[in-house]
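A.B. asks: have a look; sequence and predicted model below, questions after that.
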Amino acid sequence: MIPKTFKEVIDLGDGRTISLETGKLAKQAHGSVVVQMGNAMLLCTVVSSYTPTTMDFFPLTLDYREKFAAAGLFPGGYFKREARPSSEEILVMRLVDRVLRPLFPKDYKFETQVMIQLMSHDDQVMPDALAGLAASAAIQLSDIPFETPISEARVARINGEFVLNPSREKLAEADMDIMVGASADSVMMVEGQMDECSEEEMAEAIKFAHEAIKVQCEAQVKLAEAFGKKETREYEVAETDEEVEKKILDATYQKAYDIAKSGTSKKERSEAFSQLKEEVLAMFSEEELEDKGKMISGYFADAQKKAVRDLTLQEGIRLDGRKTDEIRPIWCEVNYLPSTHGSAIFTRGETQALATVTLGTSREANQVDLPTQQGEETFYLHYNFPPFSTGEAYPIRGTSRREIGHGNLAQRALKGMIPSDCPYTVRVVSEVLESNGSSSMATVCAGTMALMDAGVQLKKPVSGIAMGLISDGDNFAVLSDILGDEDHLGDMDFKVTGTADGITACQMDIKIKGLSYEILVKALKQARDGRLHILEKLTDTISEPSVGVKAHAPKIITRRIPGEFIGALIGPGGKVIQELQKETKTEIVINEDPVTEEGIVEILGTNQEGIDKVLAKIDAITFKPEKGSVYEVKVIKILDFGAVVEFMDAPGNEVLLHISELAWERTNNVTDVVNLGDVIDVKYFGIDPKTRKEKVSRKALLPRPERSENRDRDNRNSDRNQDNRNRDNRNRGDKHRN
C-alpha cells in the first residue's frame, strides 16, 4: 500500500517551484524530506540518539553527497563506487553546518546526523542552494530540539537584476554570486564572490535573499503542521547553579578585565587566563570539582567572555591593546624562495602566510568530475594549516574541511583578477606558519603578492581583512583585523576581500538576531578602510606584476593550427611529439577546440631556443605554399629526371623540381643547372592537373629566350623527343615518390 504523503509547494514567482514532500521515503529516520526543483531531487534525513554522549561539544555530523546515478553517470576512476566526498561536497556541508549548528540547544549533547543526498539531477538546477532548506525541513519533521526553521538561497546579479537560485549556465553571466542562510527574522550566514561590488549592493543582495528565505521557512512550518508536528523530545538539561555562577563572576571579572586590558601577547595572555582559572578551581573542594567541574569551567569562560566584551564596549580597547579600527603591524616580502615560480610572505601581527605560485600547461588543470559539474580549473588555490602554526601538536590525517573551506574563500577572492588570456594553469599554495586571526585573509594577501612576483598579470591587487562585531543590544563595536579570541567571543565575524574598487569575496557568520542592515553596511565600510590600508602595504612591497616570468620558470607559447595537422604533429604512436619534446626539452600539450576544431598547441619550456625549435617544426608541418608565390628552396637530392627541393621556410616540406622546369633551354643533366645544396628561387603552381602532383618551376622566373623560325622547328622536334623522355622520367618519378 502506498503510504500517505504530505506536500508543500513554494512558488518562486517566475514559473519555477520548489516542493517539500514527506511520508514516502526513509520513514525510520527521525525526520525525512524530499526537496524537488525541476528534475532535481534531494533526500534529506536526520537521526539523533536518545543516549547522551560524554563529549563537551554537540556531536553533529552533516553529510552531503551527490550520487553519480542521479545524472546518469558512472563514477570516474578505477573503482566504480562513490567514495570520499569531493571538495565541492565538503563546501556544501560547511555552508549548511554553519547555519544549523548554532540553533541546537547549547546543552544538547546527543549524537545527531543529518544526511543530504542528491538522488536526481537537473542541469538547470544547482542543488547546493537547496541543501539548507532540505536539512531544516527534515529537522522540523522530527522531535529533535531546534530553535527555528532556516533556509539557504543563492542570489546572482545578472545584467543588473537579482536572480534567485539560477542555473549554472546563467550563473556564468553573473557579476555577483552569494549564498545566504537565514531564519525568518535573522540573517545568519553569507558567503560568495563578486565582481568588485559596493557595500550597499551587497546588502541589497542579502535583503533579496532573505525575503525568499522567509517564504521557505513558512513552507516548512506548514508541512510540519500537516504531517503532525511531533512534540519536542525531553532530555536531561545541564544542571545550573546561580550561586556558583555569581561566586565565580565576582571573583574573576575584574581580574579578567585587567588581563584583557594589559595588551600582552597571545602566549602571555593565555598563561594569565590559565593561572586565573587555576585560582578559580582552588576555590572549590575536590568533591565540588568532581561533581560540578564542567559547570565551573563553563562559568569561568562566561565571566572571561563578559570581561573582554565589556572592555571593548566601554573603553574601545581590545585584547592586544588596539583600538577598534586599528590594524596590527604588517610586513611583507616577495621572491623569498629562490626555486619557486613566485613566492611571498605576508605577516600581520601573529599571523603569517607563505604563498607559492607554480605555472604549468592545461595538463595541470584541476579536473572537476561531479554528477552536477564536469570541467577543469586553470586557477586554483590550496591552503595548509599545520599544527605548529598555533603552537600545537596533533596528528595530520589528510586535508581538513577547514583547510578546504578557507582555501576556497581565498581562491574565489583572487580568481576574478586572473586575466582571461593568461596562458598558464596557475596553482597557488598557502602555508600558514603562524595563526592568531584570519589566516585565510593572510592567504589572500600573500597570494596576491606571489602571483605578481611570478609575473601573472593580475588585473588589480586584492587584499582581505577579518572583522568582528560585539553588541549588548544597545551599544555595538565593529572590530577591524580580529584576533582568534575575538572571533570566538564576538557576535559576528566576517571576512571581506577586494580591490581598491570593490568587494571580490566575503564570508560572514552572524551570531546575533536581527542585525540591522545599517550596522552591516557600517561594518562593511569599516572593513573597506582596513582593506585599503592593507592593500597599501602590499603595493609598497610590489607595486606591479613582474614584466615576465623568472628565468627558471617555464615560458609558455600557445599556437593554433588547423585540425588536419594535429595528427602530423603527434605522429604515429606519438613518435613525432615525443622526439620533439626530448630534443627541445619542452613540454608540448595539444588540445582540440570543440568549436573551431582547431588544434591548440601549448609549448612550455625554460629555454627559448627549444621553444623556437618547436615553433619552427610546427611551421614546417603546417606550411601550405600559395599558388603563384615565389619561394626559396634548397636542393637536397639529385635524380635523373629532376631535383628534390626543400622549402627553406618549412624544413621537411619537399617537392620535385622536374628537369623540364629547370631552364628554358633543353637540359640533358640536372647537374648542368643545379647541384646538391644549392639554394634557388622557384615559383609554385599548385597541383598540376596532368600529373596531379605539386608543380614548381625555376624557369618560370627566368627571361624567356628569343627564338628563330628554323631554331623553333628544330626545338619543336627536340621538345617532342624530350617530352617522350620526360614522360618516361615522370613515371619513374612517381615510382620514386611512392
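C.D. replies: Done, it's in. Numbers count the residues shown, from 1 in each chain.
A.B. asks: partner strands of the longest strand seen in the chain and their direction?
C.D. replies: Of all the elements of type strand in the chain, the one with the most residues (DSSP state E) is strand 40-52. Paired strands of strand 40-52, with direction, are strand 31-37 (antiparallel), strand 110-120 (antiparallel) (DSSP bridges).
A.B. asks: the longest one: what's the following helix or strand?
C.D. replies: Helices and strands here follow DSSP states H and E; after strand 110-120, the next one along the chain is helix 128-140.
A.B. asks: got the CA coordinates for that following helix in CSV?
C.D. replies: Written as CSV, here are the backbone C-alpha positions of helix 128-140 (Å, rounded to 0.1, in the frame of the first residue of the first chain):
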residue,chain,number,x,y,z
ASP,A,128,23.7,23.2,-3.2
ALA,A,129,21.2,26.0,-3.0
LEU,A,130,18.5,23.6,-1.8
ALA,A,131,20.6,21.7,0.8
GLY,A,132,20.0,24.1,3.7
LEU,A,133,16.2,24.0,3.1
ALA,A,134,16.3,20.2,3.0
ALA,A,135,18.2,19.9,6.2
SER,A,136,16.0,22.3,8.1
ALA,A,137,12.8,20.8,6.8
ALA,A,138,13.8,17.3,7.9
ILE,A,139,14.6,18.6,11.4
GLN,A,140,11.2,20.3,11.6
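A.B. asks: how far away from the center of its chain is it?
C.D. replies: 25 Å (CA atoms, centre = their mean, to the nearest Å).
A.B. asks: just the angle between the next helix or strand after it and helix 128-140, please?
C.D. replies: Toward the C-terminus, helix 128-140 is succeeded by strand 150-158 as the next helix or strand (DSSP H and E). Strand 150-158 and helix 128-140 meet at an angle of 160 degrees, taking axes from the mean of the first three to the mean of the last three CA atoms, to 10 degrees as the criterion.
A.B. asks: switch the strands paired with strand 40-52 over to a markdown table; also include distance to G72, mean pLDDT and mean neighbour count.
C.D. replies: For glycine as for every other residue, the C-beta is placed from the backbone atoms N, C-alpha and C. Written out in a markdown table, the entries for the strands paired with strand 40-52 read as follows (distance: least, CB to CB, whole Å; pLDDT from 0 to 100; neighbours: other CB atoms under 10 Å):
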| stretch | distance to G72 | mean pLDDT | mean neighbour count |
| --- | --- | --- | --- |
| strand 31-37 | 17 | 97 | 25 |
| strand 110-120 | 10 | 97 | 21 |
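A.B. asks: E403: which of the ones you listed is closest?
C.D. replies: Nearest to E403 among the strands paired with strand 40-52 is strand 110-120; the distance by CB to CB comes to 22.0 Å.
A.B. asks: circling back: now the strands paired with strand 40-52 as a markdown table including distance to R559?
C.D. replies: Below are the strands paired with strand 40-52 laid out as a markdown table (distance: least, CB to CB, whole Å):
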| stretch | distance to R559 |
| --- | --- |
| strand 31-37 | 45 |
| strand 110-120 | 41 |
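A.B. asks: nearest to A203, of these?
C.D. replies: Comparing these by their distance to A203 (CB to CB), the top pick is strand 31-37, with 26.7 Å.
A.B. asks: residues contacting the closest residue to P105 other than its chain neighbours?
C.D. replies: Excluding the flanking residues, the one nearest P105 by CB to CB, 6 or more residues apart in numbering is P145, at 5.3 Å. When the contact criterion is CB atoms under 8 Å, 6 or more residues apart in numbering, the partners of P145 are 104-105, 108, 232-233, 235.
A.B. asks: buried subset of those, written for PyMOL?
C.D. replies: Command for PyMOL that selects the buried part of the contacts of P145, burial taken from 16 or more other CB atoms under 10 Å:
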select buried, resi 104+105+108+235
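A.B. asks: neighbours of P338, how many?
C.D. replies: The tally of other residues near P338 (other CB atoms under 10 Å) stands at 8.
A.B. asks: mind checking the SS state of it?
C.D. replies: Three-state secondary structure (criterion: DSSP: H, G, I helix; E, B strand; the rest coil) places P338 in coil.
A.B. asks: I'd like to know how far it sits from S471.
C.D. replies: With the distance defined as CB to CB, to the nearest Å, P338 ends up 49 Å from S471.
A.B. asks: chain center to the helix or strand hosting D302: distance?
C.D. replies: D302 belongs to helix 286-315 when elements are defined using DSSP H and E. Mean-position distance between helix 286-315 and its chain equals 41 Å (CA atoms, centre = their mean).
A.B. asks: show me what the helix or strand following that helix pairs with in its sheet, parallel or antiparallel.
C.D. replies: Per DSSP H and E, the first helix or strand lying C-terminal to helix 286-315 is strand 330-334. Its sheet considered, strand 330-334 pairs with strand 342-348 (antiparallel) by DSSP bridges.
A.B. asks: just the contacts of P145: which are in helices?
C.D. replies: Residues from the contacts of P145 lying in helices, with DSSP state H as the criterion: none.
A.B. asks: how about the contacts of P145 in JSON lines, adding pLDDT and distance to A568?
C.D. replies: Listed next are the contacts of P145 as JSON lines, based on pLDDT from 0 to 100; distance: CB to CB, whole Å:
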{"residue": "F104", "pLDDT": "95", "distance to A568": "65"}
{"residue": "P105", "pLDDT": "93", "distance to A568": "71"}
{"residue": "Y108", "pLDDT": "92", "distance to A568": "69"}
{"residue": "T232", "pLDDT": "93", "distance to A568": "73"}
{"residue": "R233", "pLDDT": "92", "distance to A568": "73"}
{"residue": "Y235", "pLDDT": "89", "distance to A568": "74"}
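A.B. asks: I'd like the contacts of P145 as TSV, with distance to V601 appended.
C.D. replies: Compiled in TSV, the contacts of P145 are given as follows (distance: CB to CB, whole Å):
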residue	distance to V601
F104	56
P105	62
Y108	60
T232	65
R233	65
Y235	66
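A.B. asks: and the gap between V125 and F74?
C.D. replies: Distance of V125 to F74, given as CB to CB: 21 Å.
A.B. asks: out of the two, which sits in the busier spot?
C.D. replies: Neighbour comparison, V125 and F74: the larger count goes to V125, with 25 against 9 (by other CB under 10 Å).
A.B. asks: ok, that one - contacts?
C.D. replies: Contacts were defined as CB under 8 Å, 6+ apart; by that measure V125 touches 37-40, 165, 167.
A.B. asks: beta partners of Y383?
C.D. replies: Counting by DSSP bridges, Y383 forms beta bridges with S430.
A.B. asks: isn't it right up against R401?
C.D. replies: No: counting by CB atoms under 8 Å, Y383 sits too far from R401 to count as a contact (11.7 Å).
A.B. asks: neighbour-wise, which of those two wins?
C.D. replies: More neighbours surround Y383 than the other of Y383 and R401, with 27 against 14 (other CB under 10 Å).
A.B. asks: if we can go back for a sec, and the pLDDT at the residue nearest to P105?
C.D. replies: Reading off the confidence values, P145 has pLDDT 95.
A.B. asks: what about it, distance to R98?
C.D. replies: When distances are taken as CB to CB, P145 and R98 turn out to be 19 Å apart.
A.B. asks: equivalent analysis for L489, please.
C.D. replies: Distance from L489 to R98, counting by CB to CB: 18 Å.
A.B. asks: same question, L276
C.D. replies: Spatial separation of L276 from R98 under the definition CB to CB is 31 Å.
A.B. asks: just E279 next, same as before
C.D. replies: From E279 over to R98 the distance is 36 Å, taken as CB to CB.
A.B. asks: those two - which one has more neighbours?
C.D. replies: More neighbours sit around R98 than around the other of E279 and R98, counting by other CB under 10 Å; the figures are 20 against 12.
A.B. asks: so what's that one up against?
C.D. replies: 181, 188-189, 509.
A.B. asks: got the phi and psi for it?
C.D. replies: Note on R98: backbone dihedrals following degrees, to the nearest 10 are phi -60, psi -30.
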